[in-house]
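J.: Sequence and computational prediction follow.
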Amino acid sequence: MRLSWKDRMFDSVNAVLLGIAGLVTLFPLYYVFVVSFTDPLEYTTKGLVLFPEKWSLVSYQYLLSTDSFIRATGNSAFLAIADTALSLLVTSGLAYALSRRRLQGRRIMMLGILLTMLFNPGLIPPYLLVRDLHLINNIWSLILPVLTSGWYVLLMKGFFDSIPPSLEESARIDGCNDLSVWVRIILPLSLPSLAAFGLFYAVAYWNTFFSALLYINEFEKQPLQVLLQNMLIDASTAAGGSAAQEMMSEQKIPPETLKMAAVVIATTPIVLVYPLLQMHFSKGVMVGSVKE
């Protein structure tokens, strides 16, 4: 099929506009990456560096030598790994229970989950609940209030509804109970949905920020995103000891390169996780949307 000159012109203009939009989108990411690896002396001399003449790892060495940065990274890693597993366990278990029609009070539970999606209580009720549970300055204050999502539960329930009942009936004939059916039949068939929702949970837990500002006052328990925000305000926040502070003074590391290096470190784990789950992601995001 031959295109007319109008169609070719439209395609050309569309390609140019999309190319410009892509460059505008990628330039901040490129600039953050370049500045984080730029030699401190070169950055101090030039100010704006797009193509550094000398690359350096001094900023990363400084950050990775500070106790506060290592501790905050460990807190975020714990939230992203352990809490994602707990969220998937609760979400899949609740969704499987709601997908069984013999569950008593099923409609009332569904209505309660739907209400959590329609009405937002705001900031004060969750804070009062966390305070009354004595979870202030406790890592569980960042976990329990967001342990599951009503939207994810309904989507996963739709996926469980699409699984043929004959599989469960065959398992029960072989002597399986509800727990065995869920562990041996349902979960292995749900790997695409678990991968997709696990990625969503991991990103949310890794980027925990506002709830940490509300519930965590002790510096040692704050996640990486809070420390990064403090660094953007004051680069000296990252100094975790006299050795690190001495390194910063000796190398004359600009605060801007430290900030960019911290941003790169904070975003790298999630960027690396996406390709690993890509094979399940495209299928998993559609679970519960249609029924065969």
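T.: Received, thanks. Numbers count the residues shown, from 1 in each chain.
J.: residue boundaries of the helices in the stretch 51-200 of the chain?
T.: Per DSSP state H, counting those that start in this stretch, the stretch 51-200 of the chain carries helices over the ranges 58-64, 67-99, 106-118, 124-132, 150-161, 165-173, 178-181, 187-189, 191-206.
J.: nearest to residue 6, of these?
T.: Among those, the nearest to residue 6 by CB to CB is helix 191-206 (40.8 Å). For glycine as for every other residue, the C-beta is placed from the backbone atoms N, C-alpha and C.
J.: Measure how buried the closest residue to residue 97 other than its chain neighbours is and give me the count.
T.: Closest residue in space to residue 97, ignoring its immediate chain neighbours: residue 103 at 5.7 Å, by CB to CB, 6 or more residues apart in numbering. Here the number of neighbours of residue 103 (other CB atoms under 10 Å) works out to 14.
J.: Next: the one 10 residues further on.
T.: Look at residue 113: counted by other CB under 10 Å, it has 19 neighbours.
J.: I'd guessed residue 172 sits against residue 181; true?
T.: Yes - shown here, residue 172 and residue 181 form a contact pair, counting by CB atoms under 8 Å, at 7.0 Å.
J.: Which one, of the helices of the stretch 51-200 of the chain, ends up nearest to residue 262?
T.: Here helix 58-64 is closest among the helices of the stretch 51-200 of the chain (CB to CB), at 6.0 Å.
J.: elements contacting that closest one?
T.: Counting by 3 or more CB pairs under 8 Å, 6 or more residues apart in numbering; DSSP states H and E, the packing neighbours recorded for helix 58-64 are helix 5-37, helix 242-251, helix 255-276.
J.: Most tightly packed of these?
T.: Neighbour counts (mean count of other CB atoms under 10 Å) averaged over each of those peak at helix 255-276, with a mean of 17.
J.: What are the contacting residues of that helix?
T.: Applying CB atoms under 8 Å, 6 or more residues apart in numbering, the contact partners of helix 255-276 are 32-33, 35-36, 38, 40, 43, 58-60, 62-63, 69, 73, 76-77, 80, 199, 202-203, 206, 224-225, 227-228, 231-232, 235-236, 238, 281.
J.: tell me the mean pLDDT for that helix?
T.: For helix 255-276, mean pLDDT is 82.
J.: starting at the chain centroid, how far to that helix?
T.: In terms of CA atoms, centre = their mean, to the nearest Å, the centre of helix 255-276 is set 13 Å apart from its chain centre.
J.: go on, stretch 4-20?
T.: 36 Å.
J.: Repeat that for stretch 99-117.
T.: 28 Å.
J.: Could you pull up the mean pLDDT of stretch 103-113?
T.: 86.
J.: Now residue 106. Nearest residue, chain neighbours left out?
T.: Spatial nearest neighbour of residue 106, chain neighbours left out: residue 98 (6.1 Å); criterion: CB to CB, 6+ apart.
J.: Helix or strand with the lowest mean pLDDT in this protein?
T.: helix 242-251 (a mean of 46; mean pLDDT, DSSP states H and E).
J.: For the residue nearest the centre of the chain, give me its contacts.
T.: Nearest to the geometric centre of the chain sits residue 203, at 0.6 Å (CA atoms, centre = their mean). By CB under 8 Å, 6+ apart, the contact set of residue 203 is residue 270.
J.: begin at 23 from here
T.: Let's use 23 as the start, then, which means that last one is residue 225.
J.: still on that earlier bit, more neighbours, residue 194 and residue 203?
T.: residue 203 (20 against 14).
J.: and that one, what pLDDT?
T.: In this model, residue 203 carries a pLDDT of 83.
J.: Ok, the one 4 residues further on next?
T.: Looking at residue 207, its pLDDT is 83.
J.: neighbours of it, just the number please.
T.: That count, for residue 207 with other CB under 10 Å as the rule, works out to 17.
J.: circling back: list only buried entries from the contacts of helix 277-298.
T.: Buried subset of these (neighbour count, 16 or more other CB atoms under 10 Å): 54, 57-58, 60, 62, 65, 80-82, 84-85, 91, 95, 98, 102, 221, 224, 228, 246-247, 249-250, 253, 257, 260, 303.
J.: closest to residue 152 out of the helices and strands packed on helix 80-86?
T.: Minimum separation from residue 152 across the helices and strands packed on helix 80-86 (CB to CB) falls at helix 277-298, 25.0 Å.
J.: Kindly format the C-alpha coordinates of that closest one as PDB.
T.: Output of helix 277-298 as PDB, limited to C-alpha atoms (Å, rounded to 0.1, in the frame of the first residue of the first chain):
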ATOM      1  CA  PRO A 277      27.000  18.600  47.000                       C
ATOM      2  CA  GLU A 278      25.300  18.400  43.500                       C
ATOM      3  CA  THR A 279      27.300  15.300  42.500                       C
ATOM      4  CA  LEU A 280      26.400  13.600  45.700                       C
ATOM      5  CA  LYS A 281      22.700  14.400  45.100                       C
ATOM      6  CA  MET A 282      22.900  13.000  41.600                       C
ATOM      7  CA  ALA A 283      24.700   9.900  42.700                       C
ATOM      8  CA  ALA A 284      22.100   9.300  45.500                       C
ATOM      9  CA  VAL A 285      19.300   9.600  42.900                       C
ATOM     10  CA  VAL A 286      21.000   7.000  40.600                       C
ATOM     11  CA  ILE A 287      21.500   4.600  43.500                       C
ATOM     12  CA  ALA A 288      17.900   5.000  44.600                       C
ATOM     13  CA  THR A 289      16.400   4.400  41.100                       C
ATOM     14  CA  THR A 290      18.800   1.600  39.900                       C
ATOM     15  CA  PRO A 291      17.200  -1.300  41.800                       C
ATOM     16  CA  ILE A 292      13.700  -0.700  40.400                       C
ATOM     17  CA  VAL A 293      15.100  -0.100  36.900                       C
ATOM     18  CA  LEU A 294      16.800  -3.500  37.100                       C
ATOM     19  CA  VAL A 295      13.700  -5.300  38.400                       C
ATOM     20  CA  TYR A 296      11.500  -4.300  35.400                       C
ATOM     21  CA  PRO A 297      13.400  -6.300  32.700                       C
ATOM     22  CA  LEU A 298      13.400  -9.400  34.900                       C
END
